[in-house]
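A.B. asks: Fold the following and give me the result.
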Amino acid sequence: MRTSDPTKRFIVMAVARFDTPQTVRQAVLEEFGIELTRQAIEAYDPTKYAGRDLGKRWRKLFDETRKTFTANLSDIGIAHRSARLRRMEALFHKAEALGNYRLCLKPLKRAAIEAESMPDRRRLYSSILGSAVRAAFSPSANGRPVAHLFCNLQVTSIDKADL
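C.D. replies: Numbers count the residues shown, from 1 in each chain. So this is what the prediction gives:
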């Protein structure tokens, strides 16, 4: 079955916008009522081996669409930090309303990382180890080394699952 030019145009533009072949396949089925395989969709992507023989007309449309799409990242809401933080906040409130407090921690952690107020694992481990090493040389008020107190705190208060 041959696909019409409007269908080809739709497929090329969708693939140029980084839509997966499965997503494009479903969209073509809904929009045009045509059932295509994922491999047939990949033939319209010149960046894939299957699309290496794509016609000049469609390759030009692909290149223009891809260029426009990548240049206009500001049009995509989730590309902005504030939009991502708002979505994480909504997820937090939804989990809180469900009473799932363990699930509440995930959006909080992601939001902290997104806002750069919480270091990633490597920086967290190095800061913990660095603090312990620095503290080993400073005495505490009761005569016990601060590093010993810090190590006890580390073992009891930092759970590996939270990192």
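
A.B. asks: Break down the protein into its helices, ranges please.
C.D. replies: Ranges of helices in the chain, per DSSP state H, are 5-16, 21-32, 38-42, 56-71, 81-98, 101-114, 121-135, 146-157.

A.B. asks: And these: which comes nearest A50?
C.D. replies: Minimum separation from A50 across those (CB to CB) falls at helix 38-42, 4.2 Å. In this view, the C-beta of every residue, glycine as well, is placed from N, C-alpha and C.

A.B. asks: list the helices and strands the closest one packs on?
C.D. replies: Judged by 3 or more CB pairs under 8 Å, 6 or more residues apart in numbering; DSSP states H and E, helix 38-42 is in contact with helix 5-16, helix 21-32.

A.B. asks: Relative to G77, how far out is K106?
C.D. replies: The spacing between K106 and G77, counted by CB to CB, to the nearest Å, is 21 Å.

A.B. asks: Look at these two and report which has more neighbours.
C.D. replies: Counting neighbours by other CB atoms under 10 Å for K106 and for G77 shows that K106 has the greater number, 14 against 11.

A.B. asks: Dump the helices and strands packed on helix 38-42 to JSON lines, plus mean pLDDT.
C.D. replies: As requested, the helices and strands packed on helix 38-42 are exported to JSON lines (pLDDT from 0 to 100):
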{"stretch": "helix 5-16", "mean pLDDT": "94"}
{"stretch": "helix 21-32", "mean pLDDT": "93"}
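
A.B. asks: most packed of those helices?
C.D. replies: helix 5-16 (a mean of 19; mean count of other CB atoms under 10 Å).

A.B. asks: So, low pLDDT: which residues of this protein?
C.D. replies: The chain contains residues with pLDDT under 70 at 1, 117-163.
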